[in-house]
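Novice: need coordinates for the following:
(2 chains)
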Amino acid sequence: MNFSELFKQSNQLCKVSPDGKYLATCVQYRLVIRDVSTLQILQLYTCLDQITHMEWASDSLFILCAMYKRGLVQVWSLEQPDWHCKIDEGSIGLVSSRWSPDGRHILNTTEFHLRITVWSLCTKAVSYIKYPKACQKGTDFSRDGCYMALAERRDCKDYVSVFVCDDWHLLRHFETETQDLAGLEWSPNGCVLAVWDSCLEYKVLLYSLDGRLLSTYSAYEWSLGVKSVTWSPSSQFLAIGSYDEKVRILNHITWKKIAQFDHPATINNAKAVVYKEVERRTAVGSDDLSLHNITIGTTLFNTQSKYEICPLPVQIPVVKPDPDRANPKIGVSTLAFSSDSRYLATKNDNMASVVWIWDMQKMNLEAVLEQTSAVRCFQWDPRRPRLALCTANTKLYLWSPAGCVSVQVPTEGGFQVQSLSWHGSGDSLILLGKEQLCLCFMDTDQEDKAHLQSQDGKQTESQEMDPVSTSEHHPPCTSKRP
Amino acid sequence: MGEWWTAVPTETSMGSYEISSISHVTMSPSRQNNLMSMYSSAGLSKSSYSVISAFCTEDNIPQCISYISQELASLGLSSTCIKASSPGGAGLDTVPALNAMYELLQIHRRNMCTLEELEKEQLKKSNTLEQMQMSNSRLKDQLELSIREKSGLHETERQLHLKIKTLQSCLKTEKDEVQKLQSIIASRASQYSHDAKRKEREAAKLKERLSQLLVERRDKKLAIDVLNSLGRSDGKRSHWKTTKVTASHEDEMYKSLLSDYEERQRALMLENTELKKVLQQMKKEMIHILSPCQPSTRGATAEDSQADSDGEEKAGDSSREMLDQSCEHAREQLTNSIRQQWRKLRSHVEKLDNQASQVQNEMESNNEVIPKEIHEDEMEKMRCEVQQCKEFIHTQQLLLQQQLNTSFDDETAALLNDCYTLEEKERLKEEWKLFEEQKRNFERERKNFTEAAIRLGREKKAFEEDCASWLKNQFLNMTPFTDRRSCSSSDGQSALSIRSEPEMRMSSTKAQLAKSLTYATVSTPKPTQSASVPSTAELYRTLRLMPDSRYYLVT
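Specialist: Alright, predicted model coming up:
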């Protein structure tokens, strides 16, 4: 595992292009394009104001930079640095800007959700979509980029419009049986649209592409309901996390519940492995306590941590939410399927320092990671069943069926990992701090390592990881990851 | 309660007293007499000193006598008993007077007795009275207490009733309140939703207005500034929006939906076939398990089941073939057969279960047969043995130690030698036993062998004889003296050689006879006889023309 040097970024705007070749970062009003492998700057664009949003087009040829305060969107071309495009939404304001799947249209949502403006870069044409609903997730494109589903609110009723992205033709328009639609999401195969109600009512509706209602699911009534919804990459399962601290899995044939994952405060499940992060201060000799050591970085103050396998039963720290406040910190807010649909990672908000990993084949709890601090972000490797997570400290944590590892990010200046995202190939990981970023290159196999080390000639700044801070634990039964 | 219990016997005792006193009163034969005597005695006692002297003086003896006699008569005593010894005299007839006095004394004593009794009785009664009074007072106390308690309870009851009433009223008010609150909530909810709707409508209106205004104002800033337009990502040119295009969109949508359904159906089919395969395999295995389990004695049933299972198998195969044609039918068949097999398996398992439980029961009963005492005895014995063995080992160890420590002295050496010899002897004994057994085995084998040899010898002999006779016959046939020989041989009961027809017929009967003879003499063959008179059958046998029945029999 190698780490790059730190780069500056602002607003946590840092994205790898869809083809995996380039890394775009925003620093104030500048957009920097780097080569992912060499980290050399390829292009540098200057925008009109501080960038608040940045997005790659699907073909990795264009980048849009949005400046919401100014109501401006600027588009840059990677192939033609001279080419430029500026979209001004004017006084109507701008709250969201995104590419259409074809990479030739930009969808701007105006302030107050008055309308969505669709700008075509091919024809300079502009079209409007009225009545978009301001909600958790009001628009979703199908994975193949053919269709867009849009939540609408007209006359105090919820509607869903399905557009053909090709020419923005309205394919279907239907009313949904929701009180207050909160979000919608296409299944990965693009044939089923999941629509869920706001948290006041537990209701999930499944619509076919042609607008037929396939099924309705409601687990309970009179209590706060759905908090998060995620499709498995195979479109086989729909995972619904709710305020009752449970995840319910619906199947794609009968749309009935086939499993329910509880998040108990005491883990008794003998099949699950509980990894607990244990911190331990480094013993510092008195001679090391020189001014030099203190000045060169925070390594002195960093604590080393490692995972220990806890014997069952394990008590998990639970924070009781304040019942008088809106949006209580309870329930499953984050759900993520691994790329092979084999595992599901969840986070229950009143157990903020714990990540739960469920086996979708055996439909039971596989592992529990108990961190010392609240988990900020976790993401699955897009290629392998490997989960990366961070807890806003100087460490990166990785889980795979073979075990669990805690890695100290060997950087100076107190770089704290606030967020992370995988490179599309699963070979590297982008770690985002508050105003910096760092790339982490994975090398799981020895050959890879040798290969990477041969590349190290180019990566002059990459540092070898401190071997002491790594400690891997294997659960007793699992075999080593190939 | 305790008081109640104690109170009861006193009452009954009182009753008995009363009864006794009454009976006494009624039963006494001379109540009046008694009373009179009491009075008289009282009178007597009063005037014993003064009046008696005054009562009878020298002058009034006869009056006194008459008076007393009258009195006595009135008392029921014989009036004639007291008389003057002489009429008009002062003398008294002593005998009757004494009798009367005696009787009076008796009466007096009796009266005294009764008096005493009465006094006692009175004492008793007074006692009982006192007791009763006490008990009465106690009971009164109790009564008072219970009355007080009762009143207290009444009070509490009243209070509780009151409380219940208040609580009920509270409940009612609460219920009312709940209803009120519910209605308030409902009204608020409706109000809220109404307001929300109104606000939303207003917001929508505002938005509409805003967008209209923005459109009307022709916001100059609203613009796109592109250096040069881009081509479409797919390289095609954009289409005009026509009905044809919309239709094509619909087509596309339905196509993708269809393909999804098809894929799903394919997956389901795959799963289905997989499951069917599993079912088939299960069925086959079931048949396999079930068929050998049928006991061989019930061969017919087993065959039957085999037959019908075969039929089922065929059905299953055909069902697999017909999968595409008539899925329903095939499925029904398959599930039916599976169900049947399953039923069989279940019954079989149940049977096995029963058997197992029976065996277990038997075992248990056997276990019960062994009494505990015997078991303990055995255990004791074994323990003893173990102890002995331990001691033995210990002594042996000691001896060994001694032997090692001290140089050999003759005694220990002898002892050790004894030990060794003993051990050796044991071993030799065992070996001897083994040897004996082997010897016996050898003996048996030898016997078998000799028997076989004898048999072989006999057979060899027979064969040689046959051979000789055959050769002889051959030789004789070759010689020109056949006829003569045959004639001569007929005398000697020879069944050999080729004869003329009548001879053949005759000899055949003979041969049969001989054959029967040979059959009869199988167990004890007589080589001499057979040698002298070999039958045709034997000849045939030697010529391998006829199946050798004899060998079959002998071997």
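
Novice: residues contacting the residue in the stretch 201-350 of chain A that chain B sits nearest to?
Specialist: Residue nearest to chain B within the stretch 201-350 of chain A: residue A:209 (5.5 Å; Cβ to the nearest Cβ). The C-beta positions use only the backbone N, C-alpha and C, and glycine is treated the same way. If a contact means Cβ atoms under 8 Å, 6 or more residues apart in numbering or on different chains, then residue A:209 has A:147, A:162, A:172, A:190-193, B:253, B:256-257 as its contacts.

Novice: which of those are buried? Put it as a PyMOL command.
Specialist: In PyMOL, a selection of the buried entries from the contacts of residue A:209 looks like this (16 or more other Cβ atoms under 10 Å in any protein chain shown):
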select buried, (chain A and resi 147+162+172+190+191+192+193) or (chain B and resi 253+256+257)
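
Novice: got phi/psi on the residue lying closest to residue A:249 once chain neighbours are set aside?
Specialist: Distances taken as Cβ to Cβ, 6 or more residues apart in numbering or on different chains put residue A:259 closest to residue A:249, at 4.3 Å, once the chain neighbours are dropped. For residue A:259, the backbone dihedrals are phi -150, psi 160 (criterion: degrees, to the nearest 10).

Novice: near residue A:259, how many other residues are there?
Specialist: Using other Cβ atoms under 10 Å in any protein chain shown, residue A:259 has 17 other residues around it.

Novice: ok, residue A:407 next?
Specialist: Every residue meeting other Cβ under 10 Å relative to residue A:407 is counted, giving 21.

Novice: and if you look at residue A:2?
Specialist: Residue crowding around residue A:2 was assessed by other Cβ under 10 Å; the count is 20.

Novice: which residues does it form a beta bridge with?
Specialist: Residues found in beta-bridge contact with residue A:2 (criterion: DSSP bridges) are residue A:441, residue A:464.

Novice: equivalent analysis for residue A:8, please.
Specialist: So, taking DSSP bridges as the rule, residue A:8 has residue A:436 as bridge partners.

Novice: so what's it up against?
Specialist: With contact set as Cβ under 8 Å, 6+ apart, residue A:8 has these partners: A:25, A:27, A:435-437.

Novice: after the longest helix belonging to chain B, next one along is what?
Specialist: Here the longest helix in chain B is taken by residue count, with DSSP state H as the criterion, and it is helix B:94-217. Secondary structure here is assigned by DSSP states H and E; on that basis, the next helix or strand after helix B:94-217 toward the C-terminus is strand B:223-226.

Novice: ok, residues contacting that following strand?
Specialist: By Cβ under 8 Å, 6+ apart, the residues outside strand B:223-226 that reach it are A:84-88, A:90, A:119, A:121, A:124, A:126.

Novice: circling back: touching chain A at all, the longest helix of chain B?
Specialist: Yes. Residues of helix B:94-217 contacting chain A under Cβ under 8 Å from any Cβ of the partner chain: B:196-197, B:200-201, B:203-204, B:207, B:210-211, B:214.

Novice: can I get those in a markdown table including pLDDT and neighbour count?
Specialist: A markdown table is the format used below for the residues of helix B:94-217 next to chain A (pLDDT from 0 to 100; neighbours: other Cβ atoms under 10 Å in any protein chain shown):
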| residue | pLDDT | neighbour count |
| --- | --- | --- |
| B:196 | 86 | 12 |
| B:197 | 86 | 13 |
| B:200 | 86 | 15 |
| B:201 | 86 | 12 |
| B:203 | 85 | 13 |
| B:204 | 84 | 17 |
| B:207 | 83 | 17 |
| B:210 | 82 | 17 |
| B:211 | 78 | 17 |
| B:214 | 76 | 17 |
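
Novice: save these as a markdown table, and put in distance to residue B:269 too.
Specialist: As requested, the residues of helix B:94-217 next to chain A are exported to a markdown table (distance: Cβ to Cβ, whole Å):
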| residue | distance to residue B:269 |
| --- | --- |
| B:196 | 50 |
| B:197 | 50 |
| B:200 | 49 |
| B:201 | 52 |
| B:203 | 52 |
| B:204 | 50 |
| B:207 | 51 |
| B:210 | 56 |
| B:211 | 52 |
| B:214 | 56 |
